[in-house]
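J.: Return atomic coordinates for the entry below.
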Amino acid sequence: MKFKKLIAGILSAAVITFSAGTAYAVYRDEPISPEEMGEIIPIKAELEEQQQIRYGSFTGTVKEIRDYEPIEGGKFISVENSEGEPANVIISDDTYVLDNAEIKVGATITAYYDATKPMIMIYPPQYSAEVVVVEREDRHVKFDILDENLVSMDGALKLIISDETEIYMQDGTVYEGELANKKLVVIYTVAMESYPVQTRPERIIVLAEKAEDMPLFDFSTMEIVVNNEVIEAPEAYTNDQGTVMVPLRAIAEALGYKVAWHNDTRTVTLGDDISLTIGKDLYTRAGSSMRLGTAPELKGDRTFVPLSFFREVIGMNNAYIHAGQIIIDNEEKML
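T.: Below you'll find the model as predicted:
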């Protein structure tokens, strides 16, 4: 039923949302004339079976804005999409904000992030934004890398460049080089119904490549807060898969558990009913086992578990990261 509704919506709606990037194409009842579009370059009938997605996006209403202390000048923006799903967006000096628009509570923004980088497995999800767009009803924006045919990497959009297309670097200087394989912010108002969708953009901003990637989190400086109390504990970190790993003993003891290490089996027990083994993604409680996607790790002589362990295995209401703190508690559940 959902699939039928989706197809019907695509056939009848005036606005369509594209894949990883939240770009919108406005369609008209009549095709765009050649005079409006300029020369139409034929599109290949067959596209690659799988399009590479480089940039993801999250569109939502800004709920809160505050300073993000781990990054000098950084901002931590809490947003919520139309389905009520929350996310947090990190903005640094390297983030390109289209037209230097003011970001304020109540505005609708789209944050674009590099989907190829390891994701921190926390909830709500947090994204380090490369581009932020304050949405407006009179334009549509797409951020992506285009190939030699000026087709976006997700296969959703093809550009047709005309003499009226304004092309600038992000510092406002005119750009006269090649557009292929560049990070582009594309601004357009009208698109031609096809696949990929074709448009003649009004404006393109070519983003400069960063000299180096800025780390999103510095877990070594984060306090661990258990039931509203800051505890003394070894530093948390992220493993190679981007999972947040936290010290088991310090947190479990703060929750009242007796923690025991069994050297012969490299197993840790919490009380009488919880056990886990280093290197095995299998966690047992009261005779029932579950997998979290990440095995416990030994760092030095300390056992570390994924942050989700305290929510999924222990049964705490919350285990998340907020405002530079790792928080584990039984306060009102964060959905």
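J.: low-confidence ranges in the stretch 201-335 of the chain?
T.: Counting by pLDDT under 70, the stretch 201-335 of the chain has low-confidence residues at 209-217, 241-242, 333-335.
J.: can you do 80?
T.: Under the criterion pLDDT under 80, the flagged ranges of the stretch 201-335 of the chain are 208-220, 240-243, 293, 321-324, 333-335.
J.: residue ranges for the helices of the stretch 101-250 of the chain, please.
T.: If you assign secondary structure with DSSP state H, counting those that start in this stretch, the helices in the stretch 101-250 of the chain sit at 248-254.
J.: What residues are bridge-paired with the residue nearest to the spatial centre of the chain?
T.: By CA atoms, centre = their mean, the chain has its centre lying nearest to Tyr127, at 4.0 Å. Here Tyr127 sits in beta bridges with Val89, going by DSSP bridges.
J.: which residues in the stretch 201-335 of the chain form strands?
T.: Assigned by DSSP state E, counting those that start in this stretch, the stretch 201-335 of the chain shows strands spanning 203-207, 223-226, 229-231, 237-238, 244-247, 259-262, 267-270, 274-277, 283-285, 288-290, 297-299, 302-306, 318-322, 325-329.
J.: right, I mislabeled it, should have said the stretch 51-200 of the chain
T.: With DSSP E, counting those that start in this stretch, the ranges of strands along the stretch 51-200 of the chain come out as 55-68, 74-80, 86-91, 96-97, 108-114, 126-128, 131-134, 140-145, 157-159, 166-169, 183-188, 191-192, 197-199.
J.: These into a markdown table, with extra columns for mean pLDDT and distance to Ile224?
T.: Yep, even glycine has a C-beta here, placed from its N, CA and C like the rest. What follows is those, written out as a markdown table (pLDDT from 0 to 100; distance: least, CB to CB, whole Å):
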| stretch | mean pLDDT | distance to Ile224 |
| --- | --- | --- |
| strand 55-68 | 93 | 19 |
| strand 74-80 | 94 | 19 |
| strand 86-91 | 93 | 19 |
| strand 96-97 | 90 | 33 |
| strand 108-114 | 94 | 26 |
| strand 126-128 | 91 | 17 |
| strand 131-134 | 95 | 30 |
| strand 140-145 | 91 | 36 |
| strand 157-159 | 89 | 44 |
| strand 166-169 | 85 | 43 |
| strand 183-188 | 92 | 37 |
| strand 191-192 | 78 | 49 |
| strand 197-199 | 88 | 48 |
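J.: nearest to Glu297, of those?
T.: Between Glu297 and those, the tightest spacing by CB to CB is seen for strand 126-128, at 22.0 Å.
J.: what packs against the closest one?
T.: Applying 3 or more CB pairs under 8 Å, 6 or more residues apart in numbering; DSSP states H and E, we find strand 126-128 packed against strand 86-91, strand 108-114.
J.: Quick one: residues in contact with the longest one.
T.: The list of residues contacting strand 108-114 from outside it, by CB atoms under 8 Å, 6 or more residues apart in numbering, reads 21-22, 54-62, 77, 79, 87, 89, 103, 127-135, 141, 143.
J.: Check stretch 301-312 too.
T.: Residues outside stretch 301-312 that contact it (CB under 8 Å, 6+ apart): 121-122, 234, 236-237, 243-249, 251, 255, 261, 268, 276, 278, 283, 290, 292-294, 296-298, 316-321, 326, 328.
J.: hmm, back to that, can you flag the buried ones in the contacts of strand 108-114?
T.: Buried subset of the contacts of strand 108-114 (neighbour count, 16 or more other CB atoms under 10 Å): 21-22, 54-60, 62, 77, 79, 87, 89, 103, 127-135, 141, 143.
J.: Give me the distance between the nearest residue to Glu232 once chain neighbours are set aside and Gly279.
T.: The shortest distance from Glu232 to any non-neighbouring residue, by CB to CB, 6 or more residues apart in numbering, is to Ala250 (6.8 Å). As defined by CB to CB, to the nearest Å, Ala250 lies at a distance of 21 Å from Gly279.
J.: Please apply the same query to Asn330.
T.: Noted for Asn330: a distance of 30 Å to Gly279, by CB to CB.
J.: same deal with Leu179?
T.: The span separating Leu179 from Gly279 equals 48 Å under the rule CB to CB.
J.: Have a look at those two and say which one is more surrounded.
T.: Between Leu179 and Gly279, Leu179 has the larger neighbour count (other CB atoms under 10 Å), namely 19 against 10.
J.: pretty sure that one contacts Val151?
T.: No. With contacts counted by CB atoms under 8 Å, Leu179 stays clear of Val151, the gap being 11.2 Å.
J.: quick one, domains of the protein?
T.: For the chain, the structural domains run 18-30+49-216, 219-329, going by automatic domain parsing.
J.: thinking again about what came up before, doesn't Glu235 make contact with the residue nearest to Glu232?
T.: No. Under the criterion of CB under 8 Å, Ala250 makes no contact with Glu235, lying 10.7 Å away.
J.: any idea what sits nearest Gln198, other than its immediate chain neighbours?
T.: Closest residue to Gln198 apart from its sequence neighbours, by CB to CB, 6+ apart: Met192 at 4.3 Å.
J.: Just give me the neighbour total for the one you found.
T.: Neighbours of Met192 (other CB under 10 Å): 20.
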